[in-house]
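K.L.:
Got a predicted model here, sequence first, then my questions.
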Amino acid sequence: GNSVTQMEGPVTLSEEAFLTINCTYTATGYPSLFWYVQYPGEGLQLLLKATKADDKGSNKGFEATYRKETTSFHLEKGSVQVSDSAVYFCALSESSASKIIFGSGTRLSIRP
Amino acid sequence: GAGVSQTPSNKVTEKGKYVELRCDPISGHTALYWYRQSLGQGPEFLIYFQGTGAADDSGLPNDRFFAVRPEGSVSTLKIQRTERGDSAVYLCASSPATGDLYGYTFGSGTRLTVV
């Protein structure tokens, strides 16, 4: 079945460091891919998305590229801030379905 | 309302009791979803409604779990004979239409603790 595997946390970085959170997926078709973020005390929010191979999603300085050949959708940011501290979830959905399949989440903590 | 509202925000119940969790979606959103998030895990799909009908209930873990959406707006997730393993955060989301994954909006969840 469809699944998402992402880098285990917690990840702790200093402010202005480069961030990568790895994500790979297994799917039978051509899924849409997402990164969701959960800030402390808040609900899940869509961070970025990509709907087909080689698409790049971007938002708030974060980027992820849909790589079909490696079945990956790694999240990157060039210079993290303390306010980026949150739990990040990689996710997918088949085009014909409405449900989203989430990875287990990666907790990110940024030190000032 | 402005967002997806879930009540209560926290619920503590004794093993074996019955609980109801409520979700009030964004006005006009026809699709409504329930997920369960256990500690340290990502959300797991339970059920989704298109209007009043359950279009996919394949994620409900067993027959103790049931959900309704009688008027196509507010939904209630019902859990009978609760067990300690049911302890989790129950998330509700809504979207303008089925398949509109980009319009998905999540509520803040109900934290259920079964003691």
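P.N.:
Sure, I can see it.

K.L.:
got the contact list for the residue of chain A found nearest chain B?
P.N.:
Using C-beta to the nearest C-beta, the closest approach of chain A to chain B is made by residue A:102 at 3.2 Å. C-betas here are computed from N, CA, C, even on glycine. Residues near residue A:102 by C-beta atoms under 8 Å, 6 or more residues apart in numbering or on different chains: A:4, A:36, A:89-91, B:42-44.

K.L.:
Check residue A:112 too.
P.N.:
Contacts of residue A:112 by C-beta under 8 Å, 6+ apart are A:15, A:82.

K.L.:
Number of residues surrounding residue 68?
P.N.:
Picking chain A for this. Residues near residue A:68, counting by other C-beta atoms under 10 Å in any protein chain shown, number 10.

K.L.:
sorry, should have said chain B
P.N.:
Count around residue B:68 with other C-beta under 10 Å applied: 14.

K.L.:
residue of chain B with the smallest distance to chain A?
P.N.:
For chain B, C-beta to the nearest C-beta, closest residue to chain A: residue B:42, 3.2 Å.

K.L.:
didn't that residue look like it was pressed against residue A:105?
P.N.:
Yes: judged on C-beta atoms under 8 Å, residue B:42 makes contact with residue A:105 at a distance of 5.2 Å.

K.L.:
any common contacting residues for these two?
P.N.:
By C-beta under 8 Å, 6+ apart, the residues touching both residue B:42 and residue A:105 are residue A:89.

K.L.:
Tell me the residues of chain B that contact chain A?
P.N.:
Proximity of chain B to chain A (C-beta under 8 Å from any C-beta of the partner chain) is limited to residues B:3-4, B:31, B:33, B:40-45, B:48, B:55-56, B:59, B:91, B:93, B:95, B:98-99, B:101-102, B:104, B:106-109.

K.L.:
What residues sit buried inside stretch B:30-39?
P.N.:
Within stretch B:30-39, the residues that count as buried by 16 or more other C-beta atoms under 10 Å in any protein chain shown are B:30-37.

K.L.:
can you check stretch A:38-50 too?
P.N.:
Buried residues in stretch A:38-50, counted by 16+ other C-beta under 10 Å: A:38, A:43-44, A:46-50.

K.L.:
Show only the entries of those found in helices.
P.N.:
If you go by DSSP state H, those have nothing in helices.

K.L.:
what's the most distant pair in these?
P.N.:
Spanning the widest gap among the buried residues of stretch A:38-50 are A:43 and A:50, at 22.1 Å by C-beta to C-beta.

K.L.:
Give me the number of neighbouring residues for residue A:15.
P.N.:
Neighbour tally, residue A:15, other C-beta under 10 Å: 13.

K.L.:
got the buried residues for stretch A:80-88?
P.N.:
Neighbour-count burial for stretch A:80-88 [16+ other C-beta under 10 Å]: A:80, A:84-88.

K.L.:
Between all of these, which two are separated the most?
P.N.:
Spanning the widest gap among the buried residues of stretch A:80-88 are A:80 and A:87, at 14.3 Å by C-beta to C-beta.

K.L.:
Residue B:57 against residue B:49, yeah?
P.N.:
No: the criterion here is C-beta under 8 Å, and residue B:57 misses it with residue B:49 at 9.2 Å.

K.L.:
what helix or strand is the most centrally placed residue in chain B on?
P.N.:
For chain B, residue B:34 is the residue whose C-alpha lies nearest the centre (C-alpha atoms, centre = their mean; 3.3 Å). According to DSSP states H and E, residue B:34 maps onto strand B:31-37.

K.L.:
Tell me the strands beside that strand, with direction?
P.N.:
Using DSSP bridges, the strands paired with strand B:31-37 are strand B:44-50 (antiparallel), strand B:88-95 (antiparallel).
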